[in-house]
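> Have a look; sequence and predicted model below, questions after that.
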Amino acid sequence: MKKPISIIGVPMDLGQGRRGVDMGASAIRYASLQERIARLGYDVRDLGNVNVPTPESHRVENKKLKYLPEVADVSNQVARLVENQMKEDRFPIILGGDHSIAIGSIAGATQAVKKLGVIWFDAHGDMNTEETTPSGNIHGMPLAVSLGLGHPDLTHVGGFAPKVEAKNVVIVGARDLDAEERNLIKQAGVSVFTMHEIDKMGMSAVMEEAICIASEGTDGVHLSLDLDAFDPREAPGVGTPVLGGVTYREGHLAMEMLAAAHVLTSVDIVEVNPILDVENRTARVAVDMICSLLGQTVI
Ligand SMILES: NC(=[NH2+])NCCC[C@H](N)C(=O)O
Ligand SMILES: [Mn+2]
Ligand SMILES: [Mn+2]
């Protein structure tokens, strides 16, 4: 049975330094997301966008946690929406926006699914806290926040912390971790498959293990897909590109394996920045990946 799908846009750019990522949701819609999903035979509904304040109309109060009150407020909105959709037995696809939106989507998902695993597809760890952040950008923190590490206004979105347990959390595609962030990942006990493991073991073996880690003993799995996991040659429209990323083909295989495992219960698609993109290429990669993880096959 194909679960009905709800698309939720979060035009958030308060979690990072470069403007433009707030238009990511529009760019992905422009790349025919809804039509492509409908063509796969799904009932799909677009709920429109969550209200996100404009950075120009707000001041940065805390340089180590930029736009904290605004990000916390949006996260609470996202959490409520995601929870409601999932409780209606719908599968939410949350379109960013920067990666800080995952704070809300994971908070919402854990209220609908008792025990949640997370696959964090990203060039980065997003495991910084107020103490370790080199930038003060909250998009470098959402995974730490979901594990209960960080400012209480973020960790307690939805009223409780932590949202997930490290033993069910896995990062795939990492190749740029800050020194202290690395220590935090190790201390917390989060599993990491860096590009080294992807090259050595192959994406197939990596995903087999990643799916095991995220789904063992859990009732659902959230995929947080940061487009900067991909190589910037194939997905140039991101604010923090890092050379040597996942290829389009490896990405497809990963998504197809996730579809075949039937474990996913929600997904976010983040960091698409159409201002930095070339002919909406990155948004089109995003849509292709979503179709694969919803079960599209060649034959
Ligand atoms: N979601 C992202 N693209 N995160 C990039 C984070 C970069 C860096 N580690 C920071 O904390 O600022
Ligand atoms: Mn990220
Ligand atoms: Mn990233």
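Everything's here; your move. Ligands and ions are numbered 1, 2, ... in the order given.

> Please count neighbours and contacts with C-alpha atoms only from this point.
Fine.

> Get me the contact residues on the stretch 1-150 of the chain for ligand 3.
122-124 (C-alpha under 5 Å from the ion).

> neighbour-wise, which of these leads?
Ala123 (28 neighbours; other C-alpha atoms under 10 Å).

> which regions of the stretch 101-250 of the chain lie under the pLDDT threshold?
Of all residues in the stretch 101-250 of the chain, none has pLDDT under 70.

> how about the helices in it?
Using DSSP state H, counting those that start in this stretch, the helices of the stretch 101-250 of the chain run over 102-112, 142-146, 152-155, 179-188, 195-201, 203-215, 248-261.

> any chance of those in TSV, with mean neighbour count too?
Formatted as TSV, those follow (neighbours: other C-alpha atoms under 10 Å):
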stretch	mean neighbour count
helix 102-112	28
helix 142-146	28
helix 152-155	21
helix 179-188	16
helix 195-201	15
helix 203-215	20
helix 248-261	18
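
> Mind listing what's buried along stretch 20-39?
20-29, 31, 33-34, 36-37 (16 or more other C-alpha atoms under 10 Å).

> Taking the stretch 1-150 of the chain, what residue is nearest to ligand 1?
Residue of the stretch 1-150 of the chain nearest ligand 1, by C-alpha to the nearest ligand atom: Gly140 (3.7 Å).

> Pull the number of nearby residues for that residue.
Gly140 has 26 neighbouring residues, counting by other C-alpha under 10 Å.

> distance of it from Asp126?
4 Å (C-alpha to C-alpha, to the nearest Å).

> Which residue in this protein shows the largest distance from the geometric centre?
Ile299 (28.6 Å; C-alpha atoms, centre = their mean).

> Quick check: residues of the stretch 51-200 of the chain near ligand 1?
Taking C-alpha under 6 Å from any ligand atom as the measure of proximity, the stretch 51-200 of the chain contacts ligand 1 at 99, 124, 126, 128, 133-135, 137, 139-140, 178.

> I'd like the distance from stretch 160-180 to the chain centre, please.
Distance of stretch 160-180 from the chain centroid (C-alpha atoms, centre = their mean, to the nearest Å) equals 12 Å.

> what comes up buried for it?
Buried residues in stretch 160-180, defined by neighbour count with 16+ other C-alpha under 10 Å: 161-178, 180.

> And the nearest residue to Met203 once chain neighbours are set aside, how close does it get to Asp288?
Using C-alpha to C-alpha, 6 or more residues apart in numbering and skipping residues adjacent in sequence, the residue nearest Met203 is Glu250, 6.2 Å away. Here the distance between Glu250 and Asp288 works out to 13 Å (C-alpha to C-alpha).

> do Gly244 as well
Applying C-alpha to C-alpha, the value for Gly244 to Asp288 is 20 Å.

> and the two? which has more neighbours close in?
When Gly244 and Asp288 are compared for neighbours, Asp288 comes out ahead with 21 against 15, by other C-alpha under 10 Å.

> who's in contact with that one?
Contact partners of Asp288, counting by C-alpha atoms under 8 Å, 6 or more residues apart in numbering, are His252.

> In the helix or strand harbouring it, which of the residues would be classed as buried?
Assigned by DSSP states H and E, Asp288 falls within helix 281-293. Within helix 281-293, the residues that qualify as buried are 281-293, counting by 16+ other C-alpha under 10 Å.

> Which single one of those is nearest to ligand 1?
Among the buried residues of helix 281-293, and counting by C-alpha to the nearest ligand atom, the member closest to ligand 1 is Thr282, at 14.2 Å.

> ok, and the closest non-adjacent residue to the closest one?
Ala235 (4.5 Å).

> In contact with the one you found: list those residues for me.
So Ala235 contacts 227-228, 277, 281-282, 285 (C-alpha under 8 Å, 6+ apart).

> With respect to Asn76, which of the residues you listed is nearest?
Leu227 (23.6 Å; C-alpha to C-alpha).

> how close does the closest one get to Val287?
Taken as C-alpha to C-alpha, the span from Leu227 to Val287 is 11 Å.

> Likewise for His124?
His124 sits 21 Å away from Val287, going by C-alpha to C-alpha.

> any idea which residue sits dead centre in this structure?
Centroid-nearest residue in the chain: Ser224, 2.6 Å away (criterion: C-alpha atoms, centre = their mean).

> Take the buried residues of stretch 20-39 and keep only those in helices.
Cross-referencing these against helices under DSSP state H gives 24-29, 33-34, 36-37.

> secondary structure class for Gln16?
coil (DSSP: H, G, I helix; E, B strand; the rest coil).

> How many residues are close by it?
Gln16, neighbours per other C-alpha under 10 Å, totals 23.

> After the longest helix anywhere in the chain, which helix or strand is next? Please name it.
Across the chain, the longest stretch assigned as helix under DSSP H is helix 68-87. Per DSSP H and E, the first helix or strand lying C-terminal to helix 68-87 is strand 91-96.
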